[in-house]
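Participant: Take this sequence and fold it.
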Amino acid sequence: MRSIYLRVCKPILSLENKTPTQNIRVDQLTSVKGVGNVLAYTPISELPELGKLNRKQIAALVGVAPMNRDSGVYAGKRFIRGDRSKIRTVLFMSIMPAIQYHPQLKPMYERMVTAGKPKKVAMVAWMRKQLTILNTMVKNGTFWDEKMA
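Facilitator: Numbers count the residues shown, from 1 in each chain. Sure thing, here's the model as predicted:
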């Protein structure tokens, strides 16, 4: 996380006063509970399509959408893959403490785990949900509202 912070956040913080639209986006993203500077700046710098694509496209681009490997009668496992692994890493690292403390995440995570889903599947499901929420906020120009979760 420190290397991502030094590589992504430090240069952006030096440009903070030069780009007012970016400051608005950062304020929008950090209005979500559990989204700090690293999680706010990484999608802004690594994902210029944020706010321009729909939820399925943005999830597939980042690599949190399940891809199937089916052929004929063969039903393979679902897996995730995509181009933007840095964003996936930051999302995954933000999920770890959120599982214990986030008021919307904790019940969803526990419900999926008690239903028999593996823990990582439940984590990736929340990563996708969080990415969809952030994408919608940037697209609509809105700040966090409890009704979004």
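Participant: can you count the residues close to the residue nearest to Val35 when sequence neighbours are not counted?
Facilitator: Spatial nearest neighbour of Val35, excluding adjacent residues (Cβ to Cβ, 6 or more residues apart in numbering): Leu29 at 5.4 Å. (Each C-beta comes from the backbone N, C-alpha and C, glycine too.) For Leu29, the neighbour count with other Cβ atoms under 10 Å is 24.
Participant: And Leu29, which helix or strand is it part of?
Facilitator: helix 20-30 (DSSP states H and E).
Participant: The residue nearest to Val35 and Arg111: what is the separation?
Facilitator: If you measure Leu29 against Arg111 using Cβ to Cβ, to the nearest Å, the figure is 26 Å.
Participant: Okay, angle between the following helix or strand past the helix holding Leu29 and helix 20-30 too, please.
Facilitator: Proceeding N to C from helix 20-30, the next assigned helix or strand is helix 37-46, under DSSP H and E. Orientation note: helix 37-46 sits at an angle of 130 degrees relative to helix 20-30 (axes from the mean of the first three to the mean of the last three Cα atoms, to 10 degrees).
Participant: Quick one: mean pLDDT over the longest helix seen in the chain.
Facilitator: In the chain, with assignment by DSSP state H, the single longest helix is helix 119-140. The pLDDT scores in helix 119-140 average 89.
Participant: so how far is it off the chain centroid?
Facilitator: Here helix 119-140 is found 5 Å from its chain centre; the criterion is Cα atoms, centre = their mean, to the nearest Å.
Participant: and the angle for that helix with helix 37-46?
Facilitator: 60 degrees.
Participant: Can you name the residues in contact with helix 119-140?
Facilitator: With Cβ atoms under 8 Å, 6 or more residues apart in numbering as the test, helix 119-140 has contacts from 25, 28-29, 31-32, 35, 43, 50-53, 55, 58-59, 62, 64-66, 80, 87-88, 91-92, 94-95, 98-99, 105, 108-109, 112-113, 117, 142-144, 148-149.
Participant: Any regions of the protein where pLDDT drops low?
Facilitator: Low-confidence segments of the chain, defined by pLDDT under 70, span residues 1-2, 4-19, 68-71, 74-82, 148-149.
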